[in-house]
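**Q** Any chance you can model this:
(2 chains)
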There are 2 protein chains.
Amino acid sequence: MNGAQALIRTLVDSGVDTTFMNPGTSEMHYVAALDDVPDMRGILALFEGVATGAADGFARMAGRPAASLLHLGPGLGNGLANLHNARRAHTPLLNIVGDHATHHARYDAPLQSDIEAIASSLNGVIRASTTSGDVARDTARAVADAYGPPGQISTLILPADVCWDPCDGPAPAVAPRQPAAVDGNVISEIAAILRSSGESAAIMVGGTACMAGPAELAGRISASTGAKLLAETFPTRSQRGAGRVAVERLGYLAEFAQMQLDGLQHLILVEAASPVSFFAYPDKASELVPDGCTVHTLAVPGQNSTGALAALADLVAPDAEPVLTSASRPDRPTGELNAETLASAVGSILPEGAIVADEGNTTGLFVSGFTAGCPQHDWLCLTGGAIGYGMPVATGAAVAEPHRKVLNLQADGSAMYTFQALWTQVRENLDVTTVILNNSSYAVLNMELERVGAAGDGARARDMLDLTRPDLDFVSLARACGVEQVSRATTAEEFTTQLEAAFAVEGPAVVEAVLPPL
Amino acid sequence: MNGAQALIRTLVDSGVDTTFMNPGTSEMHYVAALDDVPDMRGILALFEGVATGAADGFARMAGRPAASLLHLGPGLGNGLANLHNARRAHTPLLNIVGDHATHHARYDAPLQSDIEAIASSLNGVIRASTTSGDVARDTARAVADAYGPPGQISTLILPADVCWDPCDGPAPAVAPRQPAAVDGNVISEIAAILRSSGESAAIMVGGTACMAGPAELAGRISASTGAKLLAETFPTRSQRGAGRVAVERLGYLAEFAQMQLDGLQHLILVEAASPVSFFAYPDKASELVPDGCTVHTLAVPGQNSTGALAALADLVAPDAEPVLTSASRPDRPTGELNAETLASAVGSILPEGAIVADEGNTTGLFVSGFTAGCPQHDWLCLTGGAIGYGMPVATGAAVAEPHRKVLNLQADGSAMYTFQALWTQVRENLDVTTVILNNSSYAVLNMELERVGAAGDGARARDMLDLTRPDLDFVSLARACGVEQVSRATTAEEFTTQLEAAFAVEGPAVVEAVLPPL
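**A** Reported below is the predicted structural model:
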């Protein structure tokens, strides 16, 4: 048995059975070993950002890590943006980076670069296996590291000779650590605050606390104490829809978030960070917490926030019932296709159990509102802000949940970063419907250009945010990748009908929604 | 005047008049300032890897740096692979990475990451401007740093407030350093070696020594002394064709390179690295210099290699004439379209003054051979080995040389990394003809899978190197990006005719060449 075979067997024994990969020469033994360990599924991506984003989407839905397999420093670079997103999402992810053979490193061959320096930007754990005798043990530990908690990027640097040299065999799985319990005094203190009459409070959930169970506990606390219930701006995964507790997400725009937080005296964080502006703006505050508001932390990521919420609910809301969302759908829209009618269309037909990978940017917020009362579904957000996340995450989510419908709301500019994911969706026949929100511009930047107070409204500046000259043709793009169910909608009726047709296909589909330019 | 305006004016005063960009919110003041400094040309890319690769291609042809403008750590990650290639090519490149405002960094907003850690992998110079009062001076120095010599990646981290805060104005240009002269004793010693009769020697040129002038000097030395004339495997830029000195490139495959070096007693390096295998293979040597061969260095990158070659030629070849390549073209091919007939077709019609951006990988070598006697042209190689270089570099080369025809030989797998370059080619009406070499596989990896001695020839391993399931449709891909002159060729005759039609267009064109699967 060689190192690669032992590594992959160890992965499978540790519960990692999927590798999203874009391999090169230094990874050929890993690739060859796929035939020796049939329980490992290898999924090819045409670009590394697809592989890392898919590993993120997989873990968000499966609750366990996938592996990504990348080719040296440049491959890690190509995968870095979606690893950044996964880091911010606290996704458990095993990031395997192939490297030159240990004895080859000293020759500074063309592809040599400082992999550790690049990986260090991910603030996770980095292991470099240096002998085939160590690689299985390193792998088992790296998987446990990925779990955290909180989940993190566990990078395993894998020299080629460590893969091809012989070794004794796989290593036993290492049990992941359990989330740490929250101190009872913290819970009591927060209970006292929530009980104090006349004080205005909000509970803001993030991370795993956005799942249905903890959100329902938070909903009980909210119902009993009158505390407002908020979620961080871009949760990793929320569970929502009819019969679940509705949690209002903090706005992306600082001005909007400040309105939501206005007048609060206490803000209680549950795996959420204290609210700050996504970007800085001249003469505007970065911190969004209002003056006079005290921030309290019930749990940080990695702590048992569900347990803490349960204990808190026992103290302040023993008999309270949460307010649950009523079932409701918007009517099928008619007329112009715009952000609102598109959102109505989605809300009118979103299938039960859908997984929404939301990179709708300027358009996505409407859809969130118009689907609040739909049958229960999951919602995945761009937690880290690095665009090009939606199509890969949708891909990985569909691998993890093959019997659920994945809807990818995809802004046009962002779609051009990692559209290669469509090819993987076709290859693996993944049940993903991609809606391209084509408004012919980096709309969010047109807005930001004004918000940052940039002096000019000059033609040359505007031109840098414009996606016409030439128009992008997403129907052709999808066909280039082998997608057969492809259409373009220019009215609300067309869009609704085409989205229905896309959902009816058990496999990838693309609907290009032509929206008014902003 | 704000920091961004001062920065851009300083760039223009320093000879940097082109920015390839994929900006985000933190770069909006740079974008806005384009309207204030009309001498700066902003060129939009849909993906950062296009921007950095285009800056590489621009500088290879223009001999002076362009700027790339990227959005925080994730943008730098997306641009990193082509920055790696530029680093290996010793390309002067000013890599501007926008960052959060200095006062915003402490809040760890979603897009915050360790930009310096990522940039440190590029082994260049990193500057972080922290006040608008410093940014102009930092910029002038950063441009000078980019020049080296040798050329390098000069990264300027640019916080948003440094751009929007007021400042006194631009800074004067800083003169780049000159290449260091080679010590006369080194030249004399190498002259003595070359004069010693009966010793077998080779001169291997790399870097700037592959340009026509120094190559001709090396050719005189070769003609006079009998030393073999070689070039490094993937030169940054070679000048070749009829009437120029032919320089044989060292083979990519170690076995082939070893044949070329076999029997040598002296290997004289001129800006080239001592030959090593691109990758390591089990039981094969990484160093390719044969036993008994002594390696001598005439000049390293950054030294005045042309001056050293001139001095050496004065010593050993005062009256020698180099052997110049005769004009010759292959006949127009007929029959099956394969690597050889494709190469013949290119050789039969390659325009004078063409710039070839070669990412042909397994197919490209044939074209190099069949174009050796064509009218004079330039040839750009994938020096750093990170795929996805060809389309961006062709884009930048066409910006630098608008009156020359650019031919991009582009392997299919590599094309899928940075194909977004086609959109920029259309937008800027760049005269680039892209030939997609579609053999439906990562052909080089099929070869490497065997060369690394990977155990299996299993179906699951082969599947990871296969680009069918589904077939990629490059005609649709080009149309998606707005390219109008698009065709697909399946025979040698079709390909030749279509390539002619593509060359006849003054603007972007794409020919998909359907080649036999390997």
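
**Q** So for the closest residue to chain B within the stretch 201-350 of chain A, what's the pLDDT?
**A** Proximity of the stretch 201-350 of chain A to chain B (C-beta to the nearest C-beta) peaks at A:Ala280, 3.6 Å away. The C-beta positions use only the backbone N, C-alpha and C, and glycine is treated the same way. Confidence at A:Ala280, expressed as pLDDT, is 93.

**Q** so is it in a helix, a strand, or just coil?
**A** coil (DSSP: H, G, I helix; E, B strand; the rest coil).

**Q** hang on, it packs against B:Asp99?
**A** No: contact criterion C-beta atoms under 8 Å: A:Ala280 and B:Asp99 do not qualify, at 10.1 Å.

**Q** Overlap in contacts, the two.
**A** Contact criterion C-beta atoms under 8 Å, 6 or more residues apart in numbering or on different chains; residues shared by A:Ala280 and B:Asp99: B:Ala160.

**Q** Just give the number of residues close to A:Asp473.
**A** For A:Asp473, the neighbour count with other C-beta atoms under 10 Å in any protein chain shown is 18.

**Q** Quick check: end-to-end length of stretch A:284-301?
**A** End-to-end distance of stretch A:284-301 (C-alpha to C-alpha, to the nearest Å): 28 Å.

**Q** tell me which residues in it are buried?
**A** A:286, A:288-289, A:293, A:296-301 (16 or more other C-beta atoms under 10 Å in any protein chain shown).

**Q** and those residues, which of them are in strands?
**A** The strands, defined by DSSP state E, take in A:296-299 from these.

**Q** And the host helix or strand of A:Ala313, how far out from the chain middle?
**A** Using DSSP states H and E, A:Ala313 sits within helix A:305-316. Chain-centre distance of helix A:305-316: 27 Å, with C-alpha atoms, centre = their mean, to the nearest Å.

**Q** now for it, which elements pack on it?
**A** Packing partners of helix A:305-316 (3 or more C-beta pairs under 8 Å, 6 or more residues apart in numbering or on different chains; DSSP states H and E): helix A:184-195, helix A:212-225, strand A:266-270, strand A:294-299.

**Q** Now do the third one: everything it contacts.
**A** When you say that, I think you mean strand A:266-270. Strand A:266-270 is contacted from outside by A:190, A:193-194, A:199-206, A:209, A:214, A:218, A:227, A:261, A:274-275, A:289, A:293-300, A:305, A:308-309, using C-beta under 8 Å, 6+ apart.

**Q** go again using 6 Å as the cut-off
**A** For strand A:266-270, contacts defined as C-beta atoms under 6 Å, 6 or more residues apart in numbering or on different chains pick out A:190, A:193, A:201-205, A:209, A:293-299, A:305.

**Q** Which of the three states applies to A:Val37?
**A** coil.

**Q** what's the spacing between it and A:Tyr30?
**A** Using C-beta to C-beta, to the nearest Å, A:Val37 is found at 10 Å from A:Tyr30.

**Q** my read is A:Asp358 is in a strand, agree?
**A** Yes: according to three-state DSSP, A:Asp358 belongs to a strand.

**Q** Are the helix or strand where A:Asp56 lies and chain B in contact anywhere?
**A** Element membership of A:Asp56, judged by DSSP H and E, is helix A:48-62. No: counting by C-beta under 6 Å from any C-beta of the partner chain, chain B is not contacted by helix A:48-62; separation bottoms out at 7.3 Å.

**Q** Name the next helix or strand downstream of that helix, please.
**A** Sequence-wise, the next helix or strand downstream of helix A:48-62 (DSSP H and E) is strand A:67-71.

**Q** Between helix A:48-62 and that next one, find me the angle.
**A** 170 degrees (axes from the mean of the first three to the mean of the last three C-alpha atoms, to 10 degrees).

**Q** burial of A:Asn185, as a residue count?
**A** 8.

**Q** picking that back up, check the gap between the residue of the stretch 201-350 of chain A closest to chain B and A:Arg462 for me.
**A** Distance, A:Ala280 to A:Arg462, using C-beta to C-beta: 22 Å.

**Q** just A:Gly226 next, same as before
**A** Counting by C-beta to C-beta, the separation of A:Gly226 from A:Arg462 is 47 Å.

**Q** contacting residues around A:Ala280?
**A** A:Ala280 makes contact with A:286, B:100-101, B:104, B:160, according to C-beta under 6 Å, 6+ apart.

**Q** quick one, domains of chain A?
**A** Here chain A is described, according to automatic domain parsing, as comprising the domains A:3-164, A:184-316, A:339-514.

**Q** Check the ones you listed for me and report the most buried one.
**A** domain A:3-164 (a mean of 25; mean count of other C-beta atoms under 10 Å in any protein chain shown).
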